[in-house]
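> structure of the sequence below:
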Amino acid sequence: MEIKTPLYDCHVRAEGKIVPFAGYLLPVQYKTGVIAEHMAVRKAAGLFDVSHMGEVILEGNDALGNVKKLVTNDCANMADGQVRYSPMCNEEGGVVDDLLVYRINQNKFMLVINAANRHKDIIWINKHLFGNVKLTDISDETAMIALQGPLSKAILTKLVNEENLPSKYYTFRENVNIAGINCLVSKTGYTGEEGYELCLKNEDAPKLWNLLLEAGSKDGLIPCGLGARDTLRLEAAMPLYGHEMDDSISPLEAGLGFAVKMNKGDFIGKRGIIDRGEPKITRVGLKITGRGIARENCPVFYEDSLIGRTTSGTHSPYLGYPIAMALIDKDYAENGTELFVEVRGKKISAQIVPLPFYKR
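Numbers count the residues shown, from 1 in each chain. Coordinates of the predicted model:
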């Protein structure tokens, strides 16, 4: 049975189209529609309920040591108040999940994990903990709201002084008072735009949601659903677990080498990544030049040779043409290469283009 987020009633009142997603009931879109919601984020601002994301606290004298062992990125040099993206691998070098590491202090970290992987991740992390560290799953008591778009700062500073907000990308501030509501505010997001993600107690979420919508009403702020969240992240070439990566795909194959530090100390999956050798496949961006829209899991061909499959695809609202990401044979991955994607039994033309498709 799916769980209602603390903002469920807000979505129903706003006539959101509710669908089951990763064990939760969430709006896929509102009556405005996916394209309008997408463009609001690109040109003004959008508000997302991301309370389905998981939050885990690792606390104790060995918290940092455990984080270093669990993730592929180097978290040793993180400062308090910093956020870092990282895959978390299994022993074979496949991806268990991709997550955000929040350093509260040397002995306390918060991991933000994907909703669909929450229980799997917690079992995995618990299995590999060592020393003086305690894991606390705070997901069920924590709401998260994402305010995204070029006007997000102007809207948020109507409710809180700018000096109380994080100023740099991938940093956060704890105990930010927004109209009497205590929030952790991070300058992060999944849209490719300027924006913030706000963690707070469940019971405060509806009040903050409504305050933000009211503050941004004259700036074009609208509530946005899962549909726009997916098209936005795809334009920004942000990977999604279960699409661009999974337990069998290494972060190097998924194009996440920037978040894999092989020269740091040992971590789970390091040996597996080494044993795999040089990646034979890689993630690429495709501009669909033929007629049709490629979705996930469409075969990709170079002439008559099958060289891979699409992982995500959509019609790009901002760019005005269909795009897709694919995992393909590295030998054919040069930008400008002409390929074919099979959509419903018909091959349509495509061209490899640089990622991301869209950059602010």
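> from here on, contacts and neighbour counts on C-alpha atoms
Noted.
> buried residues in stretch 72-80?
Within stretch 72-80, the residues scored as buried using 16 or more other CA atoms under 10 Å are 72-75, 78, 80.
> Cys298 reaches Lys346, doesn't it?
No: using CA atoms under 8 Å, Cys298 is not in contact with Lys346, being 10.4 Å away.
> can you list the strands that the one helix or strand Glu197 maps to pairs with?
If you go by DSSP states H and E, Glu197 is part of strand 195-201. Paired neighbours of strand 195-201 in the sheet (DSSP bridges): strand 142-148 (antiparallel), strand 181-186 (antiparallel).
> winner for burial among those strands?
Ranked by mean neighbour count under mean count of other CA atoms under 10 Å, the strands paired with strand 195-201 are led by strand 142-148, which reaches a mean of 26.
> okay, the next helix or strand after that strand in PDB with CA atoms only?
Remark: after strand 142-148, the chain's next helix or strand is helix 152-156, criterion DSSP H and E. Extracted as PDB, the C-alpha positions of helix 152-156 are listed here (Å, rounded to 0.1, in the frame of the first residue of the first chain):
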ATOM      1  CA  SER A 152      13.800  30.700  -6.500                       C
ATOM      2  CA  LYS A 153      16.200  32.900  -4.500                       C
ATOM      3  CA  ALA A 154      14.000  36.000  -5.000                       C
ATOM      4  CA  ILE A 155      11.000  34.100  -3.800                       C
ATOM      5  CA  LEU A 156      12.700  32.500  -0.800                       C
END
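> contact partners of helix 152-156?
With CA atoms under 8 Å, 6 or more residues apart in numbering as the test, helix 152-156 has contacts from 44-45, 194-196, 212, 215-216, 219.
> in it, which residues are buried?
For helix 152-156, by 16+ other CA under 10 Å, it's 152-153, 155-156.
> now do that helix: distance to the chain's middle.
Once both centres are worked out by CA atoms, centre = their mean, to the nearest Å, helix 152-156 turns out to sit 21 Å from its chain's centre.
> in this structure, which spans are helices?
All helices of the chain, identified by DSSP state H, fall at 8-13, 34-43, 63-70, 118-128, 152-156, 205-215, 226-235, 270-276.
> in JSON lines, list the ones you listed along with distance to Leu25 and mean pLDDT.
Shown next, in JSON lines, are these (distance: least, CA to CA, whole Å; pLDDT from 0 to 100):
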{"stretch": "helix 8-13", "distance to Leu25": "7", "mean pLDDT": "98"}
{"stretch": "helix 34-43", "distance to Leu25": "17", "mean pLDDT": "98"}
{"stretch": "helix 63-70", "distance to Leu25": "30", "mean pLDDT": "98"}
{"stretch": "helix 118-128", "distance to Leu25": "16", "mean pLDDT": "98"}
{"stretch": "helix 152-156", "distance to Leu25": "25", "mean pLDDT": "98"}
{"stretch": "helix 205-215", "distance to Leu25": "16", "mean pLDDT": "98"}
{"stretch": "helix 226-235", "distance to Leu25": "11", "mean pLDDT": "98"}
{"stretch": "helix 270-276", "distance to Leu25": "37", "mean pLDDT": "98"}
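> how many neighbours does Arg360 have?
A count of nearby residues for Arg360, using other CA atoms under 10 Å, gives 10.
> tell me who's in contact with it.
With CA under 8 Å, 6+ apart as the criterion, the residues that contact Arg360 are 192-193.
> what distance do you get for it to Lys187?
Distance, Arg360 to Lys187, using CA to CA, to the nearest Å: 15 Å.
> what pairs with Leu200 across the strands?
With DSSP bridges as the rule, Leu200 is bridged to Ala143.
> I'd say it and Ala143 touch.
Yes: under the criterion of CA under 8 Å, Leu200 makes contact with Ala143 at 5.4 Å.
> any residues in contact with both of these two?
Counting by CA under 8 Å, 6+ apart, Leu200 and Ala143 have no common neighbour.
> would you point out which residue is most central in this structure?
Closest residue to the average C-alpha location of the chain: Tyr190 at 4.8 Å, with CA atoms, centre = their mean.
> leaving out the residues flanking it, which one is nearest to it?
In space, Tyr190 comes closest to Arg233 once its chain neighbours are excluded; the distance is 5.6 Å by CA to CA, 6 or more residues apart in numbering.
> what's around the one you found, how many residues?
A count of nearby residues for Arg233, using other CA under 10 Å, gives 19.
> any idea how far Lys330 is from it?
Separation of Arg233 from Lys330 (CA to CA): 23 Å.
> please apply the same query to Pro239.
Distance of Pro239 to Lys330, computed by CA to CA: 18 Å.
> mind checking which of those two has more residues around it?
A direct count of neighbours by other CA under 10 Å for Pro239 and Lys330 places Pro239 higher, at 20 against 16.
> could you pull up phi and psi at the more buried one?
phi -70, psi 150 (degrees, to the nearest 10).
> pretty sure it contacts Pro251?
No: Pro239 lies out of contact with Pro251 (CA under 8 Å); the separation is 10.4 Å.
> overlap in contacts, the two.
Common neighbours of Pro239 and Pro251, using CA under 8 Å, 6+ apart, are Met245.
> buried residues in the strand holding Glu197, which are they?
Buried residues in strand 195-201, defined by neighbour count with 16+ other CA under 10 Å: 195-201.
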